[in-house]
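Trainee: mind looking at a prediction? Sequence and model below.
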Amino acid sequence: RDIKPVLRKEAQRREIEESALRLYDPYFCRGAMVTHLNSLGFANVINAKRDFYADIAADRVPAHDVLVTNPPYSGEHKAKL
């Protein structure tokens, strides 16, 4: 919920409704981000169980307005960031 004011401001800056703001969280983890962001009023959330690093390498990152995430800092993730 701490991010809601920032996302609200970005929607205002783009002159769109909050529900139309395209949010992308590339780290699926347990898959709770869609539900969490939906509960804050953001209906357009992309959070799928995919390999974010492979998507970057293949230029397949989904179209989005804001990338919102808390990246994992375990395993190989830290070196890739």
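Mentor: Perfect, I can see it now.

Trainee: what about the residue nearest to residue 1 when sequence neighbours are not counted, how many neighbours?
Mentor: Nearest residue to residue 1 in three dimensions, chain neighbours excluded: residue 40, at 6.3 Å (Cβ to Cβ, 6 or more residues apart in numbering). C-betas here are computed from N, CA, C, even on glycine. Neighbours of residue 40 under the rule other Cβ atoms under 10 Å: 15.

Trainee: which ones are touching residue 40?
Mentor: 1, 3, 4, 7 (Cβ atoms under 8 Å, 6 or more residues apart in numbering).

Trainee: can you give me the buried ones in whichever helix in the chain runs longest?
Mentor: Criterion DSSP state H: the longest helix present in the chain is helix 4-14. Across helix 4-14, burial judged by 16 or more other Cβ atoms under 10 Å covers 7, 11.

Trainee: again with stretch 42-60
Mentor: 42, 44, 45, 46, 47, 52.
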